[in-house]
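Colleague: Below are the sequence and a predicted model for it; my questions follow.
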Amino acid sequence: MLASRQKAIEGWLVAWLVEGVVAIAIGALSMKRKANLAQVPVLSGPARRFVLSFAPPLLVGALLTIVLYRAGLYAVIPGAWLVLYGTGIVTGGAFSVRVVPVMGLCFMALGSVALFCPLNWGAWFLTAGFGGLHLVFGLIIARRYGG
């Protein structure tokens, strides 16, 4: 909601980037909590493999965001984020339950469509992906695998 209320692209971009940092912090704290409950190191074998597989597409997304912004290709940014995040989920999810890579493929499909849509649709695609897909797959994972 905050990003969609921004009048300038810079405000829109900052709002989404701040949200991304908040999401990463929540994910890291959740991982730490789950590791503590299971009495295993935070970066145990599977977690370390996930991070090493997940991080490169996110770093590419950060670099590509800068390049696309500087080139004035704002409409491509939401699709690029979704495709690269989905790529990270697919690769990182190879070390998780089967439904996780499926979620990544859904992000990639959504992002592929978003790449060819106008910027003013971007917020809807990002909301559908980062909000909707996470909720749907989060419920499936919680129900089938206990979180």
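Modeller: That came in fine, so what should we check first?

Colleague: all contacts plus neighbour counts: C-alpha atoms, from now on.
Modeller: Will do.

Colleague: Poorly predicted segments of the protein, please.
Modeller: 147 (pLDDT under 70).

Colleague: how about the helices in it?
Modeller: 9-38, 45-70, 77-93, 99-114, 122-126, 134-145 (DSSP state H).

Colleague: most remote residue from the protein's center?
Modeller: Distance from the C-alpha centroid of the chain peaks at Gln39, with 27.0 Å (CA atoms, centre = their mean).

Colleague: re earlier: which one of the helices of the chain lies nearest to Ala3?
Modeller: helix 9-38 (4.6 Å; CA to CA).

Colleague: who does the closest one touch, helix- and strand-wise?
Modeller: On a contact count with 3 or more CA pairs under 8 Å, 6 or more residues apart in numbering; DSSP states H and E, helix 9-38 meets no helix or strand.

Colleague: what angle do that helix and helix 77-93 make?
Modeller: Here helix 9-38 points in a direction 20 degrees away from that of helix 77-93 (axes from the mean of the first three to the mean of the last three CA atoms, to 10 degrees).

Colleague: Between helix 45-70 and helix 9-38, find me the angle.
Modeller: 180 degrees.

Colleague: Can you name the residues that contact Ile89?
Modeller: If you count contacts by CA atoms under 8 Å, 6 or more residues apart in numbering, Ile89 has them with 54, 100-101, 103-104.

Colleague: if I pick the nearest residue in space to Val100 that is not next to it in sequence, what's in contact with it?
Modeller: Nearest-residue entry for Val100: Gly93, 5.1 Å, with adjacent residues in sequence omitted and distances by CA to CA, 6 or more residues apart in numbering. Applying CA under 8 Å, 6+ apart to Gly93 gives the contacts 50, 100-101, 104.

Colleague: go with 10 Å
Modeller: Each residue near Gly93 by CA atoms under 10 Å, 6 or more residues apart in numbering is listed here: 46, 49-51, 53-54, 86-87, 99-104.
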